[in-house]
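# Using only what follows, build the 3D model:
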Amino acid sequence: MRANDIALLILRLTLAVVMFPHGAQKALGWFNGPGIAGTVAGLSGHMGLPAAVVYLVIAVEFIGPILLVLGIITRIAAIGIAIDMACAAVLAHAQNGFFMNFTGKQAGEGVEFFILLVGIGLALTIAGPGRIAIMKRI
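As a prediction, the model looks like this:
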């Protein structure tokens, strides 16, 4: 086992741990989330996204982290999350600036958190899962 393999495992697990609760909110209603029906209604109504896109977002955020933990189709899961988070940053958070809303004085969260997730997703898309994975090539 190489240091690169451990680093890739850390990136996979970090992205999965951060994304899974968001996906579970949307898919299962866990963590005070809206569940599938509420997510579809909210993102379709509030953001104007087509229902098919909302279902894709739910799948990417819920199934993607599970795939990352296992190291199964890592590149596909990672690029899906990267695209999802880039879109969230642009469509919902860019108007709030760069910084997270730690002080509670902004209208909402800025894009810095999303930049980190996109960066991790892109790194995993390029490098793959490493040797500590079920599927090492995809």
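# Report all helices and strands that the longest helix along the chain contacts.
Once the chain is assigned using DSSP state H, the helix that runs over the most residues is helix 3-28. For helix 3-28, the elements it packs on are helix 35-45, helix 51-70, helix 74-88, helix 112-127, judged by 3 or more CB pairs under 8 Å, 6 or more residues apart in numbering; DSSP states H and E. C-beta here means a position set from N, CA and C on the backbone, and glycine is covered the same way.
# Columns mean neighbour count, mean pLDDT and distance to Thr103 on top of the ones you listed, output as JSON lines?
What follows is the helices and strands packed on helix 3-28, written out as JSON lines (neighbours: other CB atoms under 10 Å; pLDDT from 0 to 100; distance: least, CB to CB, whole Å):
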{"stretch": "helix 35-45", "mean neighbour count": "15", "mean pLDDT": "97", "distance to Thr103": "26"}
{"stretch": "helix 51-70", "mean neighbour count": "19", "mean pLDDT": "98", "distance to Thr103": "27"}
{"stretch": "helix 74-88", "mean neighbour count": "22", "mean pLDDT": "98", "distance to Thr103": "22"}
{"stretch": "helix 112-127", "mean neighbour count": "18", "mean pLDDT": "98", "distance to Thr103": "14"}
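# closest one to Ala16 among these?
Closest approach to Ala16 among these (CB to CB): helix 51-70, 3.8 Å.
# sorry, back to before: next, the buried residues of the longest helix of the chain.
Residues of helix 3-28 classed as buried: 8-9, 11-12, 15-16, 18-20, 22-27 (neighbour count, 16 or more other CB atoms under 10 Å).
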